[in-house]
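Asker: Sharing a model that was predicted from the sequence below.
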Amino acid sequence: MRISSNEYRNASLMGIMSAYQRMGQASTQLSTGKRISAPSDDPVGTAQALTLQNHLDNLDQSARQLNVAKSFLGATDTALSNVGDILRQARTLAVQGGSTSLTPGARSSLAQQVDSLIQTLGSAGNTQYGNRYIFAGQRNDKAPFVANQGGFSYQGGTAAGNDGALQVGVSPQNSMTINTTGDVAIAPALKALTQLRDSLNSGDATAVSSDSIQQFDTQINNLSTLRADIGSRINSVTGALTQNGAIKLNFTQSLSDIEDTDIPNTVVQYQSAQLAYQAALQSTSRIGQLSLLDYLK
Amino acid sequence: MSSSFMGIELGRRALAANQIALDTTGQNTSNVNTAGYSRQVVNLETTDSSDITLANGAKGQIGTGVTVSSVTRIRDQFLDQRVRSSLSQQSADSTLSGQLSQVEAAYNEPNGGGVGSLLTSFFNSFSTLSSDPANSGLRTGVRSSAQSLISGVKNLYQAQQDTLTNISQGVTDAVKQINSLATQIAGLNQQIQQSVQTGGDPNDLMDKRDQMVQNLSQLANIKVVPSVNGQTGRPTGSLSIYVGGHQLVYNDQSTPIPAPSPNAKPPFALTEANGDPIEIQGGQLGGYIKAATLVQSYSDDLNALASAVIKAVNTQHSAGAPLDGSTGNPFFTGTDASSIGLSQAIQNSTDAIAAAAAPAPPATVAVGNGDNARALAQIAQQSLLGTNTLNQAYVSQVARVGADSASAKTDVKNQDSIAAQLQSQQSSISGVSLDEELTKLIQYQRSYQVASRFITTIDDTLDRLINGLGKP
């Protein structure tokens, strides 16, 4: 077959360019660490990578929300444990106050101690997490327990008012209540303490020894049920966080498989492209010098 | 009986013919790098022989030398046709691929900087806000991720519009070039026709014209028909050229394609002055028109996505209550990717973000209520576009752009190699080979030398005859 001089040069040039282009592609993949630098490099892979990335973003968001839930539940649990201490102290005082042999002075001193517990419980009910009152339900910008005629009245959100529950979306599908309101957790204890103080002040030993002790037992019992519930929620959040981490690891691996450069394979591709490039350069420079002119006198 | 001086005439003819052959070799080697040049060959033939009477009285014939019958170019018209159609396709594919690569780059995927991750961040910012709705830092987070989303969508939309503007400019330029080539080809037609009528071989003019026709084929798919003399049935030398049914060149006349209106909308289809469509599939023009159709559809998809986001978010946002307890407040302004914006109220204050469920009167807004923010975050999970969530719809849009661009790239690769192969065939037929020309140079040089020697020999014999006869 006849070969024109330009055709030979064009073919050489195309060989050089195509080898150089392949070398460039492999080099980009190696330097960026990514196999896909534009959707057209692998449209299906791109779609998979974007979908996985979306799942990963959602998992990160879930993890953030789970941690928010965990901290808030933890703060609630700590505050409730203080309430438990107060109730046990109050019960001890009630046992002492129930004795018929007490002098009115001793009784009055006990009443004062109970009153001080009432103040402590009131401020425990106004515990803040950040600048939020944790027992105020959704009305958490204001202190829920307000001093009121020797006691406290509750002004926070309630389940009945539909403004009690603080919910956190812990996954795209599910949300979880992370709080308990003061009307459930604190107010009955306050009521019991107020009654004890009033009974002590009025010298009603029977009310102190029977009603109050029984009330405190009930309250202590209720409180431990409440704390058990919160503890189980903390456990489930912790479990979900662990699971979240495991799934994330899995997805991250899949994402890497899809979009990251297969280094050994690409290095081999690079080397073979480099070899082809060198060969094209050499053949062009050597054979291109040959001409019939060199042999004519 | 032939003339005594016949030999000198025969030698002169040989000198002249070989001189022309040498010159042609010179022309070929000089034009080795000229685009569109076809190598030329000298066709030699013997001149009419002369009668002689032989000894036995019979009639014989004696040769009278050589002459150049024609200088023709070596060209395969059928191959030209195939080269042109493959160049049309290649040019269309590479134009399309170039435009799609630009559009594709604007998505900034899969590097994670695209609208998809902005959408996810936006809805996740609502989810974060829902767990502490009174927190002004989280409210600011919602506002800034909304602003990022808005500018991401607008930038992508703008990039698509910019590409469409470039395409429109490209179409206008291509039409101008086509019309200019048409005028030049018509002019060459006239010159070639005249030369052919007078029996000439206008090789260089035809090369020039073929090169222009080839350039034309890169701008649009064309049909080339050689004109034929109606009476003699012989080619007149002219070419008629059609672009998508539009007769662009007929003999020495060219009819320009009407310039597209500056207000033309994608896909910038071309029409005759009377409004009839000019169907263009190939060449740069074909590539532009196909690219415009695709880019417009990507832009429509983006608009659909943006509209769905605006509608769903505004509906849910209006149902909830900002800190002042009012309802019916939109989050976004605008209706699509070009007009999407943030409501003035939220730009002024993040308190206007309706994170809470609307309170039942006479209750006031509970600042800790994040029900509406959570409902807004849930929008990300809803099938708002057919069976797709917003993110799924976006992913499928990116995948579509990627697949279109990938297939355009593959087409370019294939057409490149087909066109290269055909051009190599064309070059192998019509291209100049320096080695070949050098060989011919030696060949004709020798012939010229021998002709000179022949004349000298005849001269010597005549000298003997004229000056030496009769002398001792």
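Answerer: Great, that's in hand.

Asker: from here on, contacts and neighbour counts on C-alpha atoms
Answerer: OK.

Asker: Stretch B:24-41: end-to-end distance?
Answerer: By CA to CA, to the nearest Å, the extent of stretch B:24-41 from end to end equals 7 Å.

Asker: Now do stretch B:408-418: distance to the chain's middle.
Answerer: Remark: stretch B:408-418 is offset 12 Å from the chain centroid, using CA atoms, centre = their mean, to the nearest Å.

Asker: For burial, what's the neighbour tally of residue B:299?
Answerer: Each residue near residue B:299 was counted by other CA atoms under 10 Å in any protein chain shown, and the total is 21.

Asker: Where do the helices of the chain begin and end?
Answerer: Chain wasn't specified; assuming chain A. In chain A, the helices defined using DSSP state H lie at A:5-32, A:43-97, A:104-125, A:182-185, A:187-202, A:205-206, A:213-259, A:263-287.

Asker: hm, I was asking about chain B
Answerer: B:6-30, B:77-107, B:115-130, B:136-197, B:203-219, B:283-319, B:344-348, B:371-378, B:390-430, B:434-463.

Asker: Mind checking those for the one nearest to chain A?
Answerer: Set against chain A and scored by CA to the nearest CA, those come closest in helix B:390-430, at 4.0 Å.

Asker: Give the rounded mean pLDDT of the closest one.
Answerer: Mean pLDDT, computed over helix B:390-430, is 94.

Asker: ok and that helix relative to helix B:77-107, angle-wise?
Answerer: 150 degrees (axes from the mean of the first three to the mean of the last three CA atoms, to 10 degrees).

Asker: Put together CSV for the helices of chain B, with distance to residue A:247 on each row.
Answerer: Formatted as CSV, these follow (distance: least, CA to CA, whole Å):
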stretch, distance to residue A:247
helix B:6-30, 72
helix B:77-107, 28
helix B:115-130, 19
helix B:136-197, 26
helix B:203-219, 54
helix B:283-319, 29
helix B:344-348, 37
helix B:371-378, 21
helix B:390-430, 20
helix B:434-463, 69
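
Asker: do you know which of those lies nearest residue A:162?
Answerer: helix B:371-378 (11.3 Å; CA to CA).

Asker: In terms of secondary structure, what does the closest one contact?
Answerer: For helix B:371-378, the packing partners by 3 or more CA pairs under 8 Å, 6 or more residues apart in numbering or on different chains; DSSP states H and E come out as helix B:115-130, helix B:283-319, strand B:356-357.

Asker: Quick check: residues of the stretch 301-450 of chain B near chain A?
Answerer: B:366-371, B:374, B:378, B:381, B:391-392, B:395-396, B:398-406, B:424, B:427-429, B:431-435, B:438 (CA under 8 Å from any CA of the partner chain).

Asker: For these, which PyMOL command selects only the ones that are buried?
Answerer: This is how PyMOL selects the buried members of those, with burial counted by 16 or more other CA atoms under 10 Å in any protein chain shown:
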select buried, chain B and resi 366+367+368+369+370+371+374+378+381+391+392+395+396+398+399+400+401+402+403+404+405+406+424+427+428+429+431+432+433+434+435+438
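
Asker: Of all the helices and strands packed on helix B:371-378, which one comes closest to residue A:282?
Answerer: Distances from residue A:282 to each of the helices and strands packed on helix B:371-378 were compared using CA to CA; the minimum, 35.7 Å, belongs to helix B:283-319.

Asker: Identify the residues contacting the residue of the stretch 51-200 of chain A at minimum distance from chain B.
Answerer: Among the residues of the stretch 51-200 of chain A, residue A:138 lies closest to chain B, at 3.9 Å counting by CA to the nearest CA. Shown in contact with residue A:138 (CA atoms under 8 Å, 6 or more residues apart in numbering or on different chains): A:156, A:157, A:163, A:164, A:165, A:166, B:366, B:367, B:368, B:369.

Asker: same thing but at 6 Å, please
Answerer: A:157, A:163, A:164, B:366, B:368, B:369 (CA atoms under 6 Å, 6 or more residues apart in numbering or on different chains).

Asker: Among the residues you listed, which one lies nearest to residue B:33?
Answerer: Among the contacts of residue A:138, and counting by CA to CA, the member closest to residue B:33 is residue B:369, at 79.7 Å.

Asker: Show the pLDDT at the closest residue to residue B:355 other than its chain neighbours.
Answerer: Nearest residue to residue B:355, sequence neighbours excluded (CA to CA, 6 or more residues apart in numbering or on different chains): residue B:373, at 4.3 Å. pLDDT for residue B:373: 95.

Asker: Then residue B:312?
Answerer: pLDDT, residue B:312: 97.

Asker: That one and residue B:318: what is the separation?
Answerer: 10 Å.

Asker: The two - which one has more neighbours?
Answerer: Shown here are residue B:312 and residue B:318; by other CA under 10 Å, residue B:318 has more neighbours (19 against 15).
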